[in-house]
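Student: got a predicted structure plus its sequence, pasted below:
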Amino acid sequence: MGLKKDLVVYQVYPRSFKDSNDDGIGDIKGITSKLDYIKSLGVDIIWLSPVYCSPNDDNGYDISDYLNINPEFGNMKDMNKLILEAELRGLKIMMDLVINHTSDEHEWFKKSVANDPKYKDYYIWRDEPNNWTSFFGGKAWDKIGDKYYLHLFSKKQPDLNWHNPDVMEDIKKVMSFWLDKGIYGFRCDVINIIFKSSLENGKKHLVLTGKEHYHQQEGMHKILKELRRDVLNHYDTFTVGETVMVTPKQANDLIYPENEELDMVFSFSHMEVDQVSNKWFKTKFRPKKLMKVLSMWQKEVYWNANYLENHDQPRSISRFGDDKKYHNQSAKMLATLLMSLKGTPYIYQGQEIGMTNGEFKTMSEFQDVETHTIYHVAKKLGIPKKIRFKMMQKTSRDNARTPMQWNKEGGFSKVTPWLKQNPNTKEINVLDQEQDHDSILNYYRKLIKIRKNNKVLRYGEFESVLQTKSVFIFRRFDKKKEAIIVLNMSNKEQKIKNDCEGKLIINNIKKNDYNCVLSPYEARIYIKEISND
Ligand SMILES: O=C(CO)[C@@H](O)[C@H](O)[C@H](O)CO[C@H]1O[C@H](CO)[C@@H](O)[C@H](O)[C@H]1O
Ligand SMILES: [Ca+2]
């Protein structure tokens, strides 16, 4: 995979990044206007969440035309300019490939409903639904005319029928279209559920009844091999799969080079350390659980796609850190963790300045389809109003989607944004942090530079050294060098047995003496030569 392993990815959620035409919605010209900022972070690839035509039932993850740009975000000319201007700055663009489903307003679905001979089997139709349930809660089937169609997400996101070779051919054309435009690769949305082996009833579960019939099926591997052989291998590409409920073994099956499928996958185990049974039932965060899960994936998986945030998860500082008293220290501690793990690091917009969860006061302030459908399910389950609203405040994906905070006033748009801006933009914003040498933003820049200048942090093996209730120490090593990463993941001072050896190359708390007492959320990286005598 060569140099791909060196690259750092920055995820942009276009709707919330930068509005260039004062309609309160982020757009492509807005992203182009911030390319110098993105470049200044030291990242190499921009992952763009969907910018294709979409009725926005699921904010673009419901695509009605794969070959055209959502007018809310601009047009193809704007997109070509973004690709060109990025290239001029040595930045690559990765698109979101959403091929488990389309929008119900996509031509293919309209023709399928109309029983057009070519398209009638582009989707999954049945006379009677089975008992499968949707990722967004509720049943996974809806009726049009006398037939039911499957939708594992919202009812406006009908699943494509991947048993149909015409679907494969059309998706190959979509991928080639964008690669011919100079796109560097794809983040493949829920790619390990696209092949439904059978439509039998599933074993009943609180969430995702039926998953055994579509999760990680053999047919999926065949599809990925064909897309690799017939499209991706004809270009220099980078692919990462979003693979829900994946195990380390299943991840390796998808990414081992000899399998010719994907370069890496996003797993979810570390995103489930503060919940019971599903993401809506949150529990107290115990750092040791995160240490354990991350260490297991570091040890068992060929190459990891490391992330702590994305557009579907609440902000990491509000989950795993302290977004008040120790905002600066804990954001930097989490940054040190992310950039020191073995694998490709993904930074989500706003994470580099320590953006926190949103400040939603009423359900009407939430825009996310999943938040509203789950709130409805919680109501039907008899969960009291106050509790179910608190659940949404903690778990809603909108926590990650509040407008990017460019300055004290916000700076995302001159008009009221599509989603409530977090008033703490007064304290947490790019402009202030640009000018503050000790800011989270400048700490991320230092970390990314250190990772680029230290091969051991990019390719070194991983070994966990210490995991206590609060302290995580691990090492990265190769034949010549060793890096020791020391993290206090708690808001209390912690003592570690012995002083760390080697040269201290970065730390997040200014002190006179870096001894074996770690301040709250303290982080350190030491590097030392390995002597072979
Ligand atoms: O976050 C999730 C799992 O905990 C789910 O909400 C999410 O639906 C799942 O991970 C799949 O996400 C992807 O596909 C969805 C359907 O396209 C889209 O809503 C998400 O934004 C996307 O990341
Ligand atoms: Ca706009």
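Tutor: In hand now; what should we look at? Ligands and ions are numbered 1, 2, ... in the order given.
Student: from here on, just use CA atoms for contacts and neighbour counts.
Tutor: Will do.
Student: what's the burial count for residue 409?
Tutor: A total of 16 residues lie near residue 409 under the criterion other CA atoms under 10 Å.
Student: my error: substitute residue 166 in the last question.
Tutor: 15.
Student: which secondary element of this protein has the worst mean pLDDT?
Tutor: strand 278-282 (a mean of 92; mean pLDDT, DSSP states H and E).
Student: so what's residue 393 closest to, chain neighbours aside?
Tutor: residue 360 (6.5 Å; CA to CA, 6 or more residues apart in numbering).
Student: verify the stated contact: the one you found with residue 366.
Tutor: Yes: using CA atoms under 8 Å, residue 360 makes contact with residue 366 at a distance of 7.0 Å.
Student: for the residue in the stretch 1-150 of the chain that ligand 1 sits nearest to, list the residues it contacts.
Tutor: Distance from ligand 1 to each residue of the stretch 1-150 of the chain (CA to the nearest ligand atom) is smallest for residue 61, at 4.5 Å. Residues counted as contacts of residue 61 (CA atoms under 8 Å, 6 or more residues apart in numbering) are 50, 54, 98, 102.
Student: give me the distance between it and residue 132.
Tutor: Relative to residue 132, residue 61 is positioned 21 Å away (CA to CA, to the nearest Å).
Student: what about residue 363, how many residues nearby?
Tutor: Residues near residue 363, counting by other CA under 10 Å: 13.
Student: correct me if wrong: it contacts residue 389.
Tutor: Yes: contact criterion CA under 8 Å: residue 363 and residue 389 qualify, at 7.2 Å.
Student: follow-up on the earlier one: relative to residue 195, which of the contacts of residue 61 is nearest.
Tutor: Proximity of these to residue 195 (CA to CA) peaks at residue 98, which lies at 13.7 Å.
Student: tell me how far the residue nearest to the closest one when sequence neighbours are not counted lies from residue 82.
Tutor: Nearest residue to residue 98 in three dimensions, chain neighbours excluded: residue 189, at 5.0 Å (CA to CA, 6+ apart). Separation of residue 189 from residue 82 (CA to CA): 22 Å.
Student: also residue 149?
Tutor: To residue 82, residue 149 is 37 Å away according to CA to CA.
Student: now for the spatially most central residue of the chain: which residues touch it?
Tutor: Ranked by distance to the mean C-alpha position of the chain (CA atoms, centre = their mean), the top residue is residue 310 at 3.5 Å. Counting by CA under 8 Å, 6+ apart, residue 310 makes contact with 11, 347, 348, 400.
Student: enumerate the residues of the protein near ligand 1.
Tutor: For the chain, the residues in contact with ligand 1 (CA under 6 Å from any ligand atom) are 58, 61, 135, 153, 189, 190, 244, 312.
Student: again, 5 Å this time
Tutor: Residues of the chain lying close to ligand 1 by CA under 5 Å from any ligand atom are 61, 312.
Student: what is the longest helix of the chain by residue count?
Tutor: Criterion DSSP state H: the longest helix present in the chain is helix 165-180.
Student: pretty sure residue 7 is touching residue 43, no?
Tutor: Yes: assessed by CA under 8 Å, residue 7 is found in contact with residue 43 at 7.2 Å.
Student: remind me which helix or strand the residue of the stretch 351-500 of the chain found nearest ligand 1 belongs to.
Tutor: Closest residue of the stretch 351-500 of the chain to ligand 1, CA to the nearest ligand atom: residue 370 (7.0 Å). Using DSSP states H and E, residue 370 sits within helix 369-380.
Student: list the helices and strands that helix packs on?
Tutor: Contacts defined by 3 or more CA pairs under 8 Å, 6 or more residues apart in numbering; DSSP states H and E place helix 369-380 against helix 385-395.
Student: run through who's touching the helix it packs on.
Tutor: Outside helix 385-395, the residues within contact range by CA under 8 Å, 6+ apart are 279-282, 313-314, 359-360, 362-363, 371, 375, 378-379, 399.
Student: can you give me the helices in the stretch 351-500 of the chain?
Tutor: 369-380, 385-395, 430-434, 440-453, 455-459 (DSSP state H, counting those that start in this stretch).
Student: swap that for the stretch 51-200 of the chain, please
Tutor: Here the stretch 51-200 of the chain has its helices, by DSSP H, counting those that start in this stretch, at 76-88, 107-113, 165-180.
Student: for the ones you listed, give me a markdown table that also has distance to residue 37.
Tutor: Listed next are the helices of the stretch 51-200 of the chain as a markdown table, based on distance: least, CA to CA, whole Å:
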| stretch | distance to residue 37 |
| --- | --- |
| helix 76-88 | 11 |
| helix 107-113 | 38 |
| helix 165-180 | 25 |
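Student: closest one to residue 451 among the ones you listed?
Tutor: In this view, these are compared for proximity to residue 451 by CA to CA, and helix 76-88 is the closest at 22.0 Å.
Student: show me what the closest one is packed up against.
Tutor: If you count contacts as 3+ CA pairs under 8 Å, 6+ apart, helix 76-88 packs onto helix 28-32, strand 65-69, strand 92-97.
Student: what's the angle from the last one to strand 65-69?
Tutor: Between the axis of strand 92-97 and that of strand 65-69 there is an angle of 140 degrees, by axes from the mean of the first three to the mean of the last three CA atoms, to 10 degrees.
Student: now strand 92-97 and helix 165-180, what's the angle there?
Tutor: 160 degrees.
Student: what sits up against strand 92-97?
Tutor: 44-50, 83, 86, 183-189, 238.
Student: so which residues on the chain come close to ligand 2?
Tutor: 19, 21, 23, 25, 26, 27 (CA under 5 Å from the ion).
Student: go again using 6 Å as the cut-off
Tutor: Counting by CA under 6 Å from the ion, the residues of the chain close to ligand 2 are 19, 20, 21, 22, 23, 24, 25, 26, 27.
Student: so for the helix or strand harbouring residue 288, mean pLDDT?
Tutor: Using DSSP H and E, residue 288 sits within helix 287-300. Mean per-residue pLDDT for helix 287-300: 98.
Student: show me what it is packed up against.
Tutor: Using 3+ CA pairs under 8 Å, 6+ apart as the contact test, the elements touching helix 287-300 are helix 248-255, strand 461-467.
Student: ok, back up a step: pLDDT added to the contacts of residue 310, as a markdown table?
Tutor: A markdown table is the format used below for these (pLDDT from 0 to 100):
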| residue | pLDDT |
| --- | --- |
| 11 | 98 |
| 347 | 98 |
| 348 | 98 |
| 400 | 98 |
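Student: now intersect those with the strands, please.
Tutor: 11, 347, 348 (DSSP state E).
Student: just the residues you listed now: which is nearest residue 114?
Tutor: Of all the ones in strands among the contacts of residue 310, residue 114 sits closest to residue 11, with 38.0 Å by CA to CA.
Student: that closest one against residue 351, yeah?
Tutor: No: using CA under 8 Å, residue 11 is not in contact with residue 351; the gap is 9.9 Å.
Student: before we move on, back to that, deepest in the core, which of the helices and strands packed on helix 287-300 is it.
Tutor: Comparing those by mean neighbour count (mean count of other CA atoms under 10 Å), helix 248-255 comes out on top with a mean of 19.
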